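Participant: generate a structure from the sequence data that follows.
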Amino acid sequence: MSAMKKLLVLVFSTALALACMPSIAVAGSPPVSLDSPSKTIVSGTTYAIGNAGELANLAAIVNGTGGAAAQNCDGATFVLTGDIVLPGPWTPIGMEVKPFFGTFDGGGYEISGLNVSGGFQYAGLFGFISGSSIIKNTGVSGSVSSSLPESHVGGIVGANFDGIVYNCRTSGVVSATGMQAYVGGITGDNFTSGIVRSCYNLSGVTAWGSQSYVGGIAGRNDFATIENCFNSGGVAGASYCYTGGIAAHCFAGPVRNCYNVGTVAGGTYCGYIIGYNSTTVPTNCYWLDMGGTPMGSGSTPGIDFVSFTAAGGGTLTSAVTVPG
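Facilitator: Sure thing, here's the model as predicted:
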């Protein structure tokens, strides 16, 4: 078996493992029920979330809308104990001035019925995460959108500033209509040491405002990392946008071990992996060859891309020589 075929088998084996995420057992003391929107969160404590009301309590605690001052939940862990169906419109957990700093472990469960729309600057299940924050093992399905200019819209989190999003998945619709929006299937904006790892997106991702950034995994990936991810959702943007199957815009942000099989359309800078790239060296990335290019624009030496076609059982069409 050739080196490139071995790499492709490895990539798709990783995708299969992601699709079969098991529930994660939490060791230690029994979790505390998150039974109040004004509950005082104690660092080092684990809190259980088993229904839509308790998840809404977490949003109220972080956003400061539950009758007490906002708490960033630094050092605390929140675990899902089962699938949750959200019954109505959702207010994202955290915002730029009130970010979420804790750990959220979905245990492989699904949060469905997510409905975020209208006037949120940071839109997603989570709005804004930062610092020591970790979002992991979480599936989300539904619709996330914003009409505001300069909005940050993602299926999991609107903006990831220095946090980690790990082993998460999304399906549904993620969109923005305002100018200069950052829109991604997992996160709209991954920046300043943020990490998105081992995640995948099935959602359609669109941005219809001029100068927007729309990507299958992240709208923007600046000084941050995307690795071991894949996208199969369609990505589309307005005429003057950045559009990318994995990320729309990369600046000094590694993208490695990723692949895209979704369509990518529109945008001044349009690529099946990255729309516009600057000072990033993507490695071991694949895209389904539908007549486009892996990178829309930008100049970086040593780019490591491989295309493959659906014909012939996934025959590889080499764009580079991959060592090994």
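Participant: centroid residue for this structure?
Facilitator: A centroid search over the chain (Cα atoms, centre = their mean) returns residue 186, at 1.6 Å, as the residue closest to the centre.
Participant: residues touching it, list them.
Facilitator: Each residue near residue 186 by Cβ atoms under 8 Å, 6 or more residues apart in numbering is listed here: 154-157, 165, 168, 170, 196, 199, 201, 217-218, 229. From N, CA and C alone the C-beta is placed, and that goes for glycine too.
Participant: repeat that with 6 Å
Facilitator: 154-156, 196, 199, 201, 217 (Cβ atoms under 6 Å, 6 or more residues apart in numbering).
Participant: residue 55: which element?
Facilitator: Using DSSP states H and E, residue 55 sits in helix 52-63.
Participant: from residue 222, how far off is the nearest residue to residue 143 once chain neighbours are set aside?
Facilitator: Closest residue in space to residue 143, ignoring its immediate chain neighbours: residue 173 at 4.7 Å, by Cβ to Cβ, 6 or more residues apart in numbering. The gap separating residue 173 from residue 222 is 25 Å, by Cβ to Cβ, to the nearest Å.
Participant: what of residue 145?
Facilitator: Taking Cβ to Cβ, one finds residue 145 at 23 Å from residue 222.
Participant: just residue 42 next, same as before
Facilitator: Residue 42 sits 35 Å away from residue 222, going by Cβ to Cβ.
Participant: do the same with residue 245
Facilitator: According to Cβ to Cβ, residue 245 stands 18 Å off from residue 222.
Participant: got it, and residue 258?
Facilitator: From residue 258 across to residue 222, the span is 17 Å (Cβ to Cβ).
Participant: who has more neighbours, those two?
Facilitator: The neighbour count for residue 258 versus residue 222, taken as other Cβ atoms under 10 Å, is higher for residue 258 (28 against 19).
Participant: show me the contacts for that one.
Facilitator: Shown in contact with residue 258 (Cβ under 6 Å, 6+ apart): 229, 246, 285.
Participant: mind saving the C-alpha coords of stretch 182-199 as PDB?
Facilitator: Provided in PDB are the C-alpha atoms of stretch 182-199 (Å, rounded to 0.1, in the frame of the first residue of the first chain):
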ATOM      1  CA  TYR A 182     -16.800  35.100  11.300                       C
ATOM      2  CA  VAL A 183     -18.700  31.900  10.700                       C
ATOM      3  CA  GLY A 184     -17.700  28.200  11.100                       C
ATOM      4  CA  GLY A 185     -19.200  24.800  11.600                       C
ATOM      5  CA  ILE A 186     -17.400  24.400  14.900                       C
ATOM      6  CA  THR A 187     -16.300  27.900  15.800                       C
ATOM      7  CA  GLY A 188     -16.700  31.200  14.100                       C
ATOM      8  CA  ASP A 189     -13.400  32.500  15.300                       C
ATOM      9  CA  ASN A 190     -10.400  30.400  16.600                       C
ATOM     10  CA  PHE A 191      -7.700  32.800  17.700                       C
ATOM     11  CA  THR A 192      -4.800  33.600  20.000                       C
ATOM     12  CA  SER A 193      -3.700  30.100  21.000                       C
ATOM     13  CA  GLY A 194      -7.200  28.600  20.600                       C
ATOM     14  CA  ILE A 195      -7.200  24.900  19.600                       C
ATOM     15  CA  VAL A 196      -9.900  22.900  17.700                       C
ATOM     16  CA  ARG A 197      -9.000  19.200  17.700                       C
ATOM     17  CA  SER A 198     -10.600  16.000  16.500                       C
ATOM     18  CA  CYS A 199     -13.900  17.700  15.600                       C
END
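Participant: of the contacts of residue 258, closest to residue 106?
Facilitator: Residue 106 lies nearest to residue 229 out of the contacts of residue 258, by Cβ to Cβ, at 16.8 Å.
Participant: confidence score at that closest one?
Facilitator: pLDDT recorded at residue 229 is 96.
Participant: these two touch, right, it and residue 217?
Facilitator: Yes - with contact defined as Cβ atoms under 6 Å, residue 229 reaches residue 217; the gap is 5.0 Å.
Participant: more neighbours, these two?
Facilitator: Using other Cβ under 10 Å, the more surrounded residue of residue 229 and residue 217 is residue 217, with 33 against 30.
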